[in-house]
Each structure stands twice: as structure tokens, then as C-alpha cells.
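Undergrad: Got a predicted structure plus its sequence, pasted below:
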Amino acid sequence: MPRPRLARPSTDKKAVNLTIAARLVEEARASNINLSATLERALEDALRQASRKRWLEESAAGMAAYNAQVDEHGVFADTLRCF
């Protein structure tokens, strides 16, 4: 399944100034690496990880409460399943 893209369409870009180690820029250019595309992918990954971390932190209490209830009472379908 393809990963959802967080970046806006290519027509909605914003020019920014960055400071990057000169050695990295030289090596990237020598390797024909597109800095903008590489940064977009890295930012998408970082944003996805930050979103996941935030969701896990925000949901931790609810998941703990659910797990405690399951430990105490079992799950609803326990009495209905035949396997």
C-alpha cells in the first residue's frame, strides 16, 4: 500500500534558505541527488513519526484503560466465538 503524501502538490512550493554542510551538498550534487525531493521525503517521514508519537502519547491513557478492562472482564466476543 502506498504511503500517504503529506506534501502539497508540486504547484504549491515555497522557497526556503537552509544551511547544510558543504561536503554533503557537494556529494549530493556529484551523485545527482535532488536536494529538494530528498528533503521533502525526509520531512514527510519526520512528520509522520512525530504524528505517530503524538497520537501514542495522547492515546496512552485510553489504551491502558481498555487493556485493564480486558484483563478484568475479557473481550465482548469471548462468549460468542466458537474457536
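TA: Nice, thanks for sending it over. In this text, all values refer to a predicted model and were calculated from it rather than measured experimentally.

Undergrad: The lengthiest helix in the chain: which residues count as buried?
TA: The longest helix of the chain (DSSP state H) is helix 35-73. By 16 or more other CB atoms under 10 Å, the buried positions in helix 35-73 come out as Glu40. Yep, even glycine has a C-beta here, placed from its N, CA and C like the rest.

Undergrad: Check which helices and strands that helix is in contact with.
TA: helix 22-30 (3 or more CB pairs under 8 Å, 6 or more residues apart in numbering; DSSP states H and E).

Undergrad: ok, back up a step: and the angle from the longest helix of the chain to helix 22-30?
TA: Using axes from the mean of the first three to the mean of the last three CA atoms, to 10 degrees, the inter-axis angle of helix 35-73 relative to helix 22-30 is 100 degrees.

Undergrad: for helix 35-73, the distance to its chain's centre please.
TA: 8 Å (CA atoms, centre = their mean, to the nearest Å).

Undergrad: From Ser59, how far off is Ala65?
TA: According to CB to CB, to the nearest Å, Ala65 stands 10 Å off from Ser59.
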